[in-house]
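Participant: build me a model:
(one chain, ligands or ions: 2)
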Amino acid sequence: MSKATANCRQESPRRVSVLGATGSIGRNTLSLIAENAADYRVVALTANRKWQELARLARAHGAEFAAIADERYYGELREALAGSGIEVGAGQAALIEAAKRPCAWLMAAIIGSAGLAPTLAAVSRGCTVALANKECLVTAGALFMAAVAQHGTTLLPVDSEHSAAFQAMDGSPVETIERLVLTASGGPFREWSREALRKATPQQALRHPNWDMGAKITIDSATLMNKGFELIEAHHLFALPPAKLDVLIHPQSIVHCLVAYHDGSVLAQLAMPDMRAPIAYSLAWPRRMATSVPRLDLAALARLEFAEPDTERFPALSLARQALEAGEAACNVLNAANEVAVEAFLAGRIGFTAIPALVEETLAQFERLEEAGAGGDLEAVLALDRAGRALARSLLEEYDDVLRPGLAAG
Ligand code: NAD
Ligand code: MG
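Facilitator: Numbering: from 1, shown residues only. Ligands and ions are numbered 1, 2, ... in the order given. Here you go, the predicted model:
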């Protein structure tokens, strides 16, 4: 991970932008910025469709530029911001423009592979990118990290486990690290039987026991695909081989990551499960800012439990590991198929256990996965993403009967 800060002026107030401003991470980021308003100047904010929320945030934070991804809402957004002096844009080009506006720090918090191109645009500007949008590393890890190195970008992980790892690693040489253990809460279905999982509904899956997050990542947490993505993310962020990466179920979500060193020491980072903690860490880095995150009271908690993940009931974790071993293209198709599957599950079209089943089938049927996209540029990565989605969608049509809720083959 590059820590080059040469081209990042630490001016005050610091110019900051938020991609995915209306989401769970985006709103938490802006609330921290508002609490320290004198220290920050908001440059650009983006959203997908929520133009009213985007307009409200842009006005509240005095942003310079507001970009809406879905062009159908350009008129509404422009009208809502009329007279404010805030510039308005729409579509993919506007997202890229938002990412390229000069700022010292940018939060990449779009969800899914839709965030790849804008986040790469921000990376190519140099300076500091706080990365929540893990799908950038899942779909195009090598390309992304090469761009970070090429442009001297400071990349700071926002995912709580990776922020924890970054803090516990504290710049130690990777050769001294024997193991990096990502913890997982296990989600709402940690103790559910296979039979019960087949009938799990979106409402049940959306009820995460510890974390308050956007819908897609909440489903990914319930299937453990999120933890699989995080293995891939850790591999790229910390240049650690897959064999050194582990997952441990930890229902309390207090210990976020453990870094085991070759002298037998293990360093961990602990905090209450509140995304404002890792976001604040990335916002203030290399310093620390005061936050109102609830304080840890270990005596009150009394117990911290750990267990091996059950990959029989949660095959998504194994699928992600296999994709990581297979390479870049497999990871890209893994993500594409998962995005299609999660959307279908949320729409009530397929059952919960059909999510990993559809992902597995897409990976199995994808032809010439080895060559596809390997070493490719952004266009090749996005083309492979589209091909993965198209195949997953056609399988969805083909297997609709077997995949539908309650009948999922899992
Ligand atoms: P969310 O669904 O709450 O918000 C997503 C944001 O992206 C919204 O602003 C939305 O308007 C925008 N967006 C969605 N689709 C888009 C598209 N096609 N084009 C442009 N913009 C689009 O998601 P979230 O929970 O805030 O997660 C954001 C990212 O952070 C994800 O990659 C997620 O994996 C990661 N992350 C989230 C959490 C968390 O606690 N929420 C924790 C760790 C990592
Ligand atoms: Mg995480």
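
Participant: residue of the stretch 251-400 of the chain closest to ligand 2, please.
Facilitator: Ranked by Cβ to the ion, the top residue of the stretch 251-400 of the chain for proximity to ligand 2 is His256, at 7.9 Å. Bear in mind the C-beta positions are built from the backbone N, C-alpha and C, glycine included.

Participant: those strands in the chain, which residues are they?
Facilitator: Along the chain, counting by DSSP state E, strands occupy 14-19, 40-47, 65-68, 87-90, 105-108, 128-131, 154-157, 177-184, 245-249, 255-261, 266-270.

Participant: deepest of the ones you listed, which one?
Facilitator: With neighbours taken as mean count of other Cβ atoms under 10 Å, the strands of the chain reach their highest mean count in strand 105-108, at a mean of 28.

Participant: what about the residue nearest to Met225 when sequence neighbours are not counted, how many residues close to it?
Facilitator: Leaving aside its sequence neighbours, Met225 sits nearest to Ala316 (Cβ to Cβ, 6 or more residues apart in numbering; 3.9 Å). Residues within reach of Ala316, counting by other Cβ atoms under 10 Å, total 25.

Participant: could you verify my assumption that the residue of the stretch 251-400 of the chain closest to ligand 2 touches Leu267?
Facilitator: No: between His256 and Leu267 there is no contact under Cβ atoms under 8 Å: 11.7 Å.

Participant: just to check, Ser163 is in contact with Tyr281?
Facilitator: Yes: between Ser163 and Tyr281 a contact is recorded at 5.5 Å, counting by Cβ under 8 Å.

Participant: shared neighbours, these two?
Facilitator: Common neighbours of Ser163 and Tyr281 (criterion: Cβ atoms under 8 Å, 6 or more residues apart in numbering): Leu156.

Participant: report the contact partners of Glu76.
Facilitator: Per Cβ under 8 Å, 6+ apart, neighbours of Glu76: 51-52.

Participant: pLDDT at it, what is it?
Facilitator: The score at Glu76 is 98. That number is its pLDDT.

Participant: what's the answer for Asp385, then?
Facilitator: At Asp385, the model reports a pLDDT of 95.

Participant: and it, how many residues sit next to it?
Facilitator: 23.

Participant: go on, the one 5 residues further on?
Facilitator: When neighbours are counted by other Cβ under 10 Å, Ala390 registers 13.

Participant: also the one 5 residues further on?
Facilitator: Burial of Leu395, expressed as a neighbour count using other Cβ under 10 Å, amounts to 21.

Participant: now the one 4 residues further on
Facilitator: Burial measure for Tyr399: 17 neighbouring residues, criterion other Cβ under 10 Å.

Participant: likewise for Leu384?
Facilitator: 24.

Participant: now Arg190
Facilitator: For Arg190, using other Cβ under 10 Å, the count is 18.

Participant: check the one 4 residues further on too.
Facilitator: With neighbours defined by other Cβ under 10 Å, the count for Arg194 comes to 11.

Participant: if we can go back for a sec, save the strands of the chain as a markdown table, and put in mean pLDDT too.
Facilitator: As requested, those are exported to a markdown table (pLDDT from 0 to 100):
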| stretch | mean pLDDT |
| --- | --- |
| strand 14-19 | 98 |
| strand 40-47 | 98 |
| strand 65-68 | 98 |
| strand 87-90 | 98 |
| strand 105-108 | 98 |
| strand 128-131 | 98 |
| strand 154-157 | 98 |
| strand 177-184 | 98 |
| strand 245-249 | 98 |
| strand 255-261 | 98 |
| strand 266-270 | 98 |
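
Participant: and of these, who's closest to ligand 1?
Facilitator: Among the strands of the chain, strand 40-47 comes nearest to ligand 1, with 4.0 Å by Cβ to the nearest ligand atom.

Participant: packing partners of the closest one?
Facilitator: Where contact means 3 or more Cβ pairs under 8 Å, 6 or more residues apart in numbering; DSSP states H and E, strand 40-47 is packed against strand 14-19, helix 24-35, helix 51-61, strand 65-68, helix 92-100.

Participant: and the contacts of it?
Facilitator: By Cβ under 8 Å, 6+ apart, strand 40-47 touches 13-22, 26, 30, 33, 53-54, 57-58, 61-69, 94-95, 97-99, 101-103, 110, 118.

Participant: pull up the pairing partners for that strand, direction included.
Facilitator: Using DSSP bridges, the strands paired with strand 40-47 are strand 14-19 (parallel), strand 65-68 (parallel).
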